[in-house]
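Trainee: return a 3D structure for these sequence lines:
(2 chains)
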Protein chains: 2
Amino acid sequence: MSHDTLHLFDQAIALRAGADGNHRVGYLPKTYFNMVGPFGGVIAATLLNAVLSHPQRAGDPVSVTVNFPGPIADCDFTVHTQLIRTNRSSQHWFVQLQQDDQTAVTAMVLLATRRDSWEGTDLAMPRGLPDPQQIAPQDTTGFPLWVNNYDMRFIEGGLHFEPPMTEQSQARTRIWVQDKPQRPLDFKSLLSLSDCFFPRIFLRRAQLMPAGTVSLTTYFHCNSETLGRYHNQYLFCEARGQRYYRNYFDQAAELWSADGTLLATSSQIVYFKNEQ
Amino acid sequence: MSHDTLHLFDQAIALRAGADGNHRVGYLPKTYFNMVGPFGGVIAATLLNAVLSHPQRAGDPVSVTVNFPGPIADCDFTVHTQLIRTNRSSQHWFVQLQQDDQTAVTAMVLLATRRDSWEGTDLAMPRGLPDPQQIAPQDTTGFPLWVNNYDMRFIEGGLHFEPPMTEQSQARTRIWVQDKPQRPLDFKSLLSLSDCFFPRIFLRRAQLMPAGTVSLTTYFHCNSETLGRYHNQYLFCEARGQRYYRNYFDQAAELWSADGTLLATSSQIVYFKNEQ
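Mentor: Predicted structure coming up:
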């Protein structure tokens, strides 16, 4: 398959060999841009892609933490992967995305060869959710470009800036979402989806302001076989704000398949600028 | 103050200069040992201490993620700190703990100089909690040694292995906890406390089994001044299990001051070995 026939997501997160063997080179296109630079989810997916496509890779992702020390300029970047340690059934990686020898993104990735064990889920998916087909797709006029790569059906906590804009006592979003156009679900797209929520402070304060994720952690509760069951289906995702304190707030989120399997849990902390 | 008059916690997380200027040396004493090697909380605090005591440190911790690629042997280790990037009001660090040139622990730490902003909390501390003084301290007979460094008063979800041991439909623990003997609360002790919960799978399955944290993320919603208000007081901490799948489960936790201030939120993913 040529580069151009790949899904836009796969084109965006693709990496090519660098001049020496120590790094690879990538570029995140405008189609995935956010307010400042590329959408965090697709940046995270690019770093995960660097690990998953590495010849020494062993196992599937269990935990991914991505920190965002600086902005990514609209030009090529290099990705440097470092295998920290390989155990009997797990691997730890450290990844850096650099431009002009300065690091813009770092990630710690845990892969594991997962075996059968007892399984259970303490959380429950909400009942009585409307079907995604019953909900009008989000009008993305005026939204950052990356949003156009997702089919979003908001059940609760969408962004509506018609007056009156009302402050909320809590910032909860419930949404059906999938890639647009459809793309088989895998760890990379699931990781990107775990960052698909607008900053909670926008909802809580009913206003836009400078805001950006500084650290994202996603735990995977699935394997490739499980994910294969949910290709081309909407996922139900919920995000909640927790605490907003001196320029930073945190968010907790869950990503469920439509049949009620908890595929991933995620948390992030976000910079915001909103005076008292 | 000499080393011996320091609190045991500060003795444990202390670092001394290495042979060259590139690293420091530490040792975690038996008093903080867990089932295999030292207690994760005190390991995390040691890596955070390496950043906070670094001459280039600027700001207070906002986000700390610690991964545990391998066990720590009962001997000296080296800690290597790398300043990834300094911004106008934030710093990103990468830290590695090594023994025999092999990395046993990694951490990404975000520091920030926090300024006033709008503040709010979406979560609520449970009401009607019993006072810690009304609850008998946990009998730690047969528990790992590190537990003796904490005054734990379990409200719900303690470990009781008298028969009948009953499986739980969810693994929730509510606890009043503080350092024993008392120690002023700071970011290091708060980080350690965020890992003070027994593995959720022990409660869920009502049995012990091999289990260990592989990645811990804690977000701080406080500054030194806030923490100073809660010196020598119990914190209310709650932890819940989320999903248990193929040898790994995740946990979400909150740490509150007694007057209802959410000081930190935390998540972790834990390896476990329990057959179907």
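Trainee: report the contact partners of A:Ala73.
Mentor: By C-beta atoms under 8 Å, 6 or more residues apart in numbering or on different chains, the residues touching A:Ala73 are A:37, A:99. C-betas here are computed from N, CA, C, even on glycine.
Trainee: looks to me like it is in a strand.
Mentor: No: judged by DSSP: H, G, I helix; E, B strand; the rest coil, A:Ala73 forms no part of a strand; its state is coil.
Trainee: and what about the most centrally placed residue in chain A, helix, strand or coil?
Mentor: For chain A, A:Ser192 is the residue whose C-alpha lies nearest the centre (C-alpha atoms, centre = their mean; 2.7 Å). Here A:Ser192 is recorded as helix under three-state DSSP.
Trainee: distance check, it against A:Lys30.
Mentor: 17 Å (C-beta to C-beta, to the nearest Å).
Trainee: same question for A:Ala44.
Mentor: For A:Ala44, the distance to A:Lys30 - C-beta to C-beta - is 18 Å.
Trainee: more crowded one of these two?
Mentor: A:Ala44 (26 against 9; other C-beta atoms under 10 Å in any protein chain shown).
Trainee: next, that one: secondary structure please.
Mentor: Taking three-state DSSP, the label given to A:Ala44 is helix.
Trainee: not counting sequence-adjacent ones, nearest residue to it?
Mentor: A:Val66 (4.4 Å; C-beta to C-beta, 6 or more residues apart in numbering or on different chains).
Trainee: contacting residues around the nearest residue to the residue nearest to the centre of chain A once chain neighbours are set aside?
Mentor: Nearest residue to A:Ser192, sequence neighbours excluded (C-beta to C-beta, 6+ apart): A:Gly41, at 3.5 Å. Shown in contact with A:Gly41 (C-beta under 8 Å, 6+ apart): A:146, A:191-196.
Trainee: ok, now A:Lys273?
Mentor: A:Lys273 sits in contact with A:209-211, A:247, B:117, where contact means C-beta under 8 Å, 6+ apart.
Trainee: just the buried residues of those residues.
Mentor: Listed as buried from the contacts of A:Lys273 are A:211, A:247, B:117; burial here means 16 or more other C-beta atoms under 10 Å in any protein chain shown.
Trainee: among these, which lie within strands?
Mentor: Residues of these located in strands (DSSP state E): A:Ala211.
Trainee: pLDDT and distance to A:Asp151 for the buried ones among the contacts of A:Lys273 - can I get that in JSON lines?
Mentor: Below are the buried ones among the contacts of A:Lys273 laid out as JSON lines (pLDDT from 0 to 100; distance: C-beta to C-beta, whole Å):
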{"residue": "A:Ala211", "pLDDT": "96", "distance to A:Asp151": "24"}
{"residue": "A:Asn247", "pLDDT": "97", "distance to A:Asp151": "33"}
{"residue": "B:Ser117", "pLDDT": "96", "distance to A:Asp151": "34"}
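Trainee: switch the buried ones among the contacts of A:Lys273 over to JSON lines, and while doing so, append distance to A:Asp122 to every line.
Mentor: Shown next, in JSON lines, are the buried ones among the contacts of A:Lys273 (distance: C-beta to C-beta, whole Å):
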{"residue": "A:Ala211", "distance to A:Asp122": "31"}
{"residue": "A:Asn247", "distance to A:Asp122": "32"}
{"residue": "B:Ser117", "distance to A:Asp122": "33"}
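Trainee: among the buried ones among the contacts of A:Lys273, which one lies nearest to B:Gln102?
Mentor: Checking the buried ones among the contacts of A:Lys273 against B:Gln102 by C-beta to C-beta gives A:Asn247 as the nearest, at 37.8 Å.
Trainee: not counting sequence-adjacent ones, nearest residue to the closest one?
Mentor: Leaving aside its chain neighbours, A:Asn247 sits nearest to B:Ser117 (4.9 Å; criterion: C-beta to C-beta, 6+ apart).
Trainee: for A:Arg205, see how far away that neighbour is.
Mentor: Counting by C-beta to C-beta, the gap from B:Ser117 to A:Arg205 is 10 Å.
Trainee: which of the contacts of A:Gly41 tops the neighbour count?
Mentor: With neighbours defined as other C-beta under 10 Å, the most crowded of the contacts of A:Gly41 is A:Ser194; it has 30 neighbours.
Trainee: which non-adjacent residue is nearest that one?
Mentor: Excluding the flanking residues, the one nearest A:Ser194 by C-beta to C-beta, 6+ apart is A:Ser266, at 3.9 Å.
Trainee: could you report the neighbour count for that neighbour?
Mentor: A:Ser266, neighbours per other C-beta under 10 Å, totals 26.
Trainee: just A:Thr226 next, same as before
Mentor: When neighbours are counted by other C-beta under 10 Å, A:Thr226 registers 16.
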